[in-house]
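Asker: pasting the structure only:
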């Protein structure tokens with residue numbers, strides 16, 4: 001029987017890996033043998049996450065401080081990782097933020113910050129990893145974490161900068177897939193709906209959000225811990241070599257309606 005998700009000896013970079021979905025996806029990759037480089041702005045937090053992953057799954061894991069909006073720091077981190085491991089096989093572009101507010105009240109600074117982190121930061125990471133590691137190796141798996149709100153609008157809470165940035169990630173994914181396919185690099189995106197994490201649990205359990213789930217989501221609930229794992233494993237696998245340019249909703253059916 002083939003192990004379609006064998007990632008032994010592969011090196012996976014996961015941004016935004018100090019909490020939430022980033023940690024969940026890093027653990028999923030580690031559980032199938034990948035060496036993990038966890039990146040986040042909070043140095044102590046991301047180092048603790050890496051230590052926990054190494055102890056739990058028996059793989060090499062390191063945590064590095066990185067602000068993905070800082071081009072110089074991004075380049076330094078990629079060089080450091082290549083010096084240590086020699087290759088980077090998987091990039092999960094997960095780091096992001098989310099400005100909430102009525103569109104008419106959103107400031108220029110809020111909109112610009114959203115673009116710099118969610119869209120431009122995603123591009124900076126992809127550019128550096130592709131140029132320094134994946135194109136020379138003629139192999140790579142890039143997984144951008146977009147959002148179901150990169151595909152549709154919403155009436156729950158105003159978040160137009162987030163929608164715009166994640167919509168940009170959706171089409172950036174297509175553009176990079178088209179351009180880097182000749183280098184045997186696949187570029188795909190996952191478009192999650194709402195998932196329970198330590199940061200979202202209280203909000204999603206509120207009466208308002210519980211009613212929203214029953215009204216707006218065909219599965220009538222939000223995503224549980226671990227339900228994003230198979231998507232990231234599928235798109236990271238060497239066996240998924242003919243899948244590129246795909247934006248995969250993992251949203252309980254929200255975007256099907």
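Answerer: All right, it came through fine. Just so it is clear, the model here is predicted, and its values are computed rather than measured. Numbering: from 1, shown residues only.
Asker: what's the spacing between residue 48 and residue 62?
Answerer: 12 Å (Cβ to Cβ, to the nearest Å). (C-beta placed from N, C-alpha, C; glycine too.)
Asker: neighbour-wise, which of the two wins?
Answerer: Higher neighbour count among residue 48 and residue 62: residue 62, with 19 against 14, using other Cβ atoms under 10 Å.
Asker: residue contacts, the nearest residue to the more buried one once chain neighbours are set aside?
Answerer: Spatial nearest neighbour of residue 62, excluding adjacent residues (Cβ to Cβ, 6 or more residues apart in numbering): residue 50 at 5.2 Å. Neighbour list for residue 50: 36, 38, 61, 62, 63 [criterion: Cβ atoms under 8 Å, 6 or more residues apart in numbering].
Asker: Residue 36 touches residue 28, doesn't it?
Answerer: No: taking contacts as Cβ atoms under 8 Å, residue 36 lies outside contact range of residue 28: 10.2 Å.
Asker: Between those two, which is the more surrounded one?
Answerer: Between residue 36 and residue 28, counted using other Cβ under 10 Å, residue 36 has the larger neighbour count: 27 against 24.
Asker: so who does the spatially most central residue of the chain touch?
Answerer: For the chain, residue 94 is the residue whose C-alpha lies nearest the centre (Cα atoms, centre = their mean; 2.6 Å). Listed by Cβ under 8 Å, 6+ apart, the contact set of residue 94 reads 14, 15, 16, 17, 21, 22, 25, 145.
Asker: Now the closest residue to the third one other than its chain neighbours: phi and psi?
Answerer: Yep, that's residue 16 we're talking about. Nearest residue to residue 16, sequence neighbours excluded (Cβ to Cβ, 6+ apart): residue 95, at 3.4 Å. With angles defined as degrees, to the nearest 10, residue 95 sits at phi -60, psi 140.
Asker: Could you pull up phi and psi at residue 13?
Answerer: phi -100, psi 130.
Asker: In contact with it, which residues?
Answerer: 37, 39, 81, 88, 90, 91, 92, 125, 129.
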